[in-house]
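1. Return atomic coordinates for the entry below.
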Amino acid sequence: MSTTKLIYGISHYNANLFYATQYHAPDAYLFLLHNGRKYMIMKQLEYDKAKRLAKVDEIIRLEPFWQRTGKSIPKSDYDIDVIDEVLKEFGIKTFQVPEMSSLLLVDELRKKGYTIEGVEDPFFPERQRKTKEEKKHIETSQKAAYGAMDLVENILRKSRVRNGRLIYRNKTLTSEVLRAEIGIYLLSRGCLANDPIIAGGVQGCDPHERGTGPLKANQSIIVDIYPSSIKTGYYGDTCRTFCKGKASDALKKLYATVLDAQLACLKKIKAGVNGRTIHEANQKFFESKGYKTEEKKGRMQGFFHGTGHSLGIEPHEEPARINRRDYTLEEGNVLSVEPGLYYPDIGAVRIEDLVYVTKTGCDVIGKYPKKLEIR
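-> Residues are numbered from 1 along each chain as shown. Sure, this is the predicted structure:
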């Protein structure tokens, strides 16, 4: 007999719930996987829409279960007694829930005699291996990401330099302006921008710094764009590093080293390889080129993040990674490959592509040039 799974949450924020149902809703709902069939228990507000759009076997109205509790108005739409009645209807006593489930929900249901197992991600193991359809969804979002990257590059190319700052359309070009331009472009392509990173100079040395304020000439500018499709929910993800004007010799060397590392990583990726070995080879390569990773003047510098992560309906998915943890790459994994080096005295460089893992190597999803200087 197959394992019963229960998810209660808001699919707009709960990737496992969205994956199971392919249905976005702004309010919480209950999902059951029982005896190999998928069920959604929905309020009448969402019932008809869910019947049209959700990809499950059966959609059941919630309101009759309210009545069974004997409460004229339940404390909440899906209060514990209501969920208890649903589980009784199915004859369920034992089930699994995702690791991020409500502690209150689990505690209260256990008090009613249910046996509940918390399962760490991947709650649905098949999420690790993307289907051909999922790969197409990611390719579509990645195409939008590269279109946005091209927009950024063109804006930087058209910008002029005044007193060290970039000027675009007679105004100072800021991270905020570029971020807004990216957002407008991606929305026109059916995607959400999700707060892309536009981090110039020292700001880029914090890998997840979103970037603020004026952008300057002759400095590194990290541009990390990770849109998600409004229709499918699947992400793209790409990063390039630009310098408007003339890069210093030290920044050029930094860029060349990161690019060499990234290209070497792409050659190592295939099913059956431990991602940790790729990451460690990356670390050793940087060290061999004289780029030490250490804390200096109260902040980290060098290479101090993972080489890559999985993505799909989340920008970072577990457990597929290329980092210090062991993970054997599988055919169908979609991973970022994004080594980087960060030195406040020089600048920041990160270069990122997405790959689809195959038995013999990997397919790079989409293409976009890798060039530092923009004149």
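2. domains of this protein?
-> Following the assignment in the TED database, the chain carries domains at 5-123, 128-364.
3. Tabulate the ones you listed (JSON lines), appending distance to residue 371, mean pLDDT and mean neighbour count.
-> All C-beta atoms are positioned from the backbone trio N, CA, C, and that covers glycine. Compiled in JSON lines, those are given as follows (distance: least, Cβ to Cβ, whole Å; pLDDT from 0 to 100; neighbours: other Cβ atoms under 10 Å):
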{"stretch": "domain 5-123", "distance to residue 371": "35", "mean pLDDT": "95", "mean neighbour count": "16"}
{"stretch": "domain 128-364", "distance to residue 371": "8", "mean pLDDT": "98", "mean neighbour count": "19"}
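4. Tell me which of those domains lies nearest to residue 375.
-> For these, proximity to residue 375 was assessed by Cβ to Cβ; domain 128-364 is nearest, at 7.3 Å.
5. can you give me the helices for the stretch 201-350 of the chain?
-> 249-268, 275-288 (DSSP state H, counting those that start in this stretch).
6. likewise the stretch 51-200 of the chain?
-> Under DSSP H, counting those that start in this stretch, the stretch 51-200 of the chain gives helices at 63-68, 80-90, 103-111, 132-158, 175-188.
7. Which one, of those, ends up nearest to residue 273?
-> Using Cβ to Cβ, the helices of the stretch 51-200 of the chain put helix 132-158 closest to residue 273, at 19.6 Å.
8. tell me what the closest one is packed against?
-> Where contact means 3 or more Cβ pairs under 8 Å, 6 or more residues apart in numbering; DSSP states H and E, helix 132-158 is packed against strand 165-168, helix 175-188, strand 220-225, strand 228-229, strand 238-244, strand 334-337, strand 353-357, strand 373-374.
9. do that again at 7 Å, thanks
-> Counting by 3 or more Cβ pairs under 7 Å, 6 or more residues apart in numbering; DSSP states H and E, the packing neighbours recorded for helix 132-158 are helix 175-188, strand 220-225, strand 228-229, strand 238-244, strand 353-357, strand 373-374.
10. hang on, the earlier thing: kindly present the helices of the stretch 51-200 of the chain as CSV, with separate columns for distance to residue 263.
-> Below are the helices of the stretch 51-200 of the chain laid out as CSV (distance: least, Cβ to Cβ, whole Å):
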stretch, distance to residue 263
helix 63-68, 57
helix 80-90, 52
helix 103-111, 46
helix 132-158, 18
helix 175-188, 26
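11. Can you say which of those is nearest to residue 50?
-> helix 63-68 (14.0 Å).
12. Convert the C-alpha atoms of stretch 23-32 to CSV, please.
-> Taking Å, rounded to 0.1, in the frame of the first residue of the first chain, the C-alpha atoms of stretch 23-32 are listed here in CSV:
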residue,chain,number,x,y,z
TYR,A,23,-2.9,25.0,-8.5
HIS,A,24,-2.2,28.5,-7.2
ALA,A,25,-4.5,29.9,-4.5
PRO,A,26,-4.1,32.8,-2.1
ASP,A,27,-5.8,30.9,0.7
ALA,A,28,-4.9,27.7,2.4
TYR,A,29,-6.3,24.3,1.4
LEU,A,30,-5.9,20.7,2.2
PHE,A,31,-4.3,18.1,-0.1
LEU,A,32,-4.2,14.3,0.4
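13. roughly how far is the helix or strand hosting residue 7 from the heart of the chain?
-> If you go by DSSP states H and E, residue 7 is part of strand 5-9. Relative to the mean C-alpha coordinate of its chain, strand 5-9 is positioned 21 Å out (Cα atoms, centre = their mean, to the nearest Å).
14. cool, and stretch 61-79?
-> Taking mean C-alpha positions (Cα atoms, centre = their mean), stretch 61-79 and its chain are 36 Å apart.
15. follow-up on the earlier one: could you give the angle of the strand holding residue 7 to helix 80-90?
-> 150 degrees (axes from the mean of the first three to the mean of the last three Cα atoms, to 10 degrees).
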